[in-house]
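Novice: turn this into a structure:
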Amino acid sequence: QVQLVESGGGLVQTGSSLRLSCTASGSTFSRYAMGWFRQAPGKEREFVAAISRSANTYYRDAVKGRFTCSRDNAKNTVFLQMDNLESGDTAVYFCAARQFPGAGQYSTQQVQYHYWGQGTQVTVSS
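Specialist: Just a heads-up that it's a prediction; the model follows:
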């Protein structure tokens with residue numbers, strides 16, 4: 001079992017950058033594929049980015065070219081670098097872990113993830 005804790009959220013202006021971190025504990029981090037999701041007020045939680053065990057990445061179209069997902073297995077941490085933030089990026093951001101994936105496999109579906117963090121708020125003001 002793994003515990004996930006997100007950090008790095010905050011209140012920023014449009015065009016700014018934030019770097020979210022998600023640190024795992026309780027299990028071997030390198031065994032998990034990781035994902036980032038977000039939930040805006042009044043909306044369902046949606047996929048943002050994913051990274052496989054071998055660091056293959058995938059993004060939703062709205063964040064391609066602005067967000068970068070990476071992982072540091074030595075630090076048990078996955079990152080989400082968010083640049084050129086827009087008001088539409090305002091949401092609570094969650095990281096999630098999927099156990100027993102193939103090395104290059106990542107997931108965009110919430111049901112495929114086994115563990116979730118509590119989330120960190122990102123607010124982008126215009």
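Novice: tell me who's in contact with the residue nearest to the spatial centre of the chain.
Specialist: Taking C-alpha atoms, centre = their mean, the centroid of the chain lies closest to residue 36, which sits 2.4 Å from it. The contact partners of residue 36, taken as C-beta atoms under 8 Å, 6 or more residues apart in numbering, are 20, 22, 47-50, 69, 78, 80, 93-96. Where you see a C-beta, it was placed from the backbone N, CA and C, and this is true even at glycine.
Novice: how about TSV for those residues, with neighbour count, distance to residue 110 and pLDDT added?
Specialist: TSV is the format used below for the contacts of residue 36 (neighbours: other C-beta atoms under 10 Å; distance: C-beta to C-beta, whole Å; pLDDT from 0 to 100):
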residue	neighbour count	distance to residue 110	pLDDT
20	23	18	98
22	25	15	98
47	18	7	98
48	24	11	98
49	27	13	98
50	27	11	97
69	24	16	98
78	29	16	98
80	28	16	98
93	25	14	98
94	23	9	98
95	30	12	98
96	24	7	98
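Novice: closest one of those residues to residue 115?
Specialist: residue 96 (6.5 Å; C-beta to C-beta).
Novice: how about the nearest residue to that closest one, chain neighbours excluded?
Specialist: residue 113 (3.7 Å; C-beta to C-beta, 6 or more residues apart in numbering).
Novice: so how far is residue 3 from that neighbour?
Specialist: Noted for residue 113: a distance of 14 Å to residue 3, by C-beta to C-beta, to the nearest Å.
Novice: mind checking which of those two has more residues around it?
Specialist: Taking neighbours as other C-beta atoms under 10 Å, residue 113 and residue 3 compare with residue 113 leading, 20 against 13.
Novice: got the contact list for the more buried one?
Specialist: Contact analysis of residue 113 by C-beta under 8 Å, 6+ apart lists 35, 96, 97, 98, 107.
Novice: for residue 69, give the beta-bridge partners.
Specialist: Following DSSP bridges, residue 69 is listed with bridge partners residue 80.
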